[in-house]
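Colleague: Take a look and give me a structure for this.
(one chain, ligands or ions: 2)
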Amino acid sequence: MEKQVYIRIQEIDRAKCDYCGECSKFCEYNALFVVRPKDGIKGDVLSFPQLCHGCGGCTIVCPRDAITEQNRGI
Ligand code: SF4
Ligand code: SF4
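Modeller: Ligands and ions are numbered 1, 2, ... in the order given. This is a model prediction of the structure:
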């Protein structure tokens, strides 16, 4: 019998994100890395789903409500 399993993927709404870094500071597993904007270089939030343990903390601590979690089947 086969059973579908999922991993959680963080999606960042870059229109809301101000690259404050709170999500990556919270994540114990280094599954998020925030590139702060500097000297004309755009900021970004890089996510590494293979490191995520699905605790949901980053979604809670984000002060701008910029993170949503999606299921991705594996
Ligand atoms: S906590 Fe939210 S606003 Fe701050 S960098 Fe992460 S996603 Fe962006
Ligand atoms: S859900 Fe938890 S483990 Fe996954 S990226 Fe967010 S804080 Fe890190």
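
Colleague: only C-alpha atoms for contact and neighbour calcs from this point on.
Modeller: Noted.

Colleague: what about the strands in this structure?
Modeller: All strands of the chain, identified by DSSP state E, fall at 6-12, 32-35, 44-47, 67-73.

Colleague: Which strands or helices does the second one pack on?
Modeller: Applying 3 or more Cα pairs under 8 Å, 6 or more residues apart in numbering; DSSP states H and E, one finds that strand 32-35 contacts helix 22-26, strand 44-47.

Colleague: Residues in contact with it: which ones?
Modeller: The contact list for strand 32-35, computed with Cα atoms under 8 Å, 6 or more residues apart in numbering, reads 19, 20, 21, 23, 24, 43, 44, 45, 46, 47, 48.

Colleague: Torsion angles phi and psi at the third one?
Modeller: Right, residue 21. Per-residue torsions, residue 21: phi 90, psi 0 (degrees, to the nearest 10).

Colleague: Next, count neighbours for it.
Modeller: Neighbourhood size, residue 21 [other Cα atoms under 10 Å]: 16.

Colleague: Skipping adjacent residues, who's closest to it in space?
Modeller: residue 34 (5.7 Å; Cα to Cα, 6 or more residues apart in numbering).

Colleague: residues in contact with residue 58?
Modeller: Applying Cα under 8 Å, 6+ apart to residue 58 gives the contacts 22, 23, 24, 26, 27, 67.

Colleague: same question but for residue 53, I mixed them up
Modeller: residue 29.

Colleague: Tell me what the residue positioned nearest the centre of the chain is bridged to.
Modeller: Nearest to the mean C-alpha position of the chain, counting by Cα atoms, centre = their mean, stands residue 10 at 4.2 Å. Counting by DSSP bridges, residue 10 forms beta bridges with residue 69.
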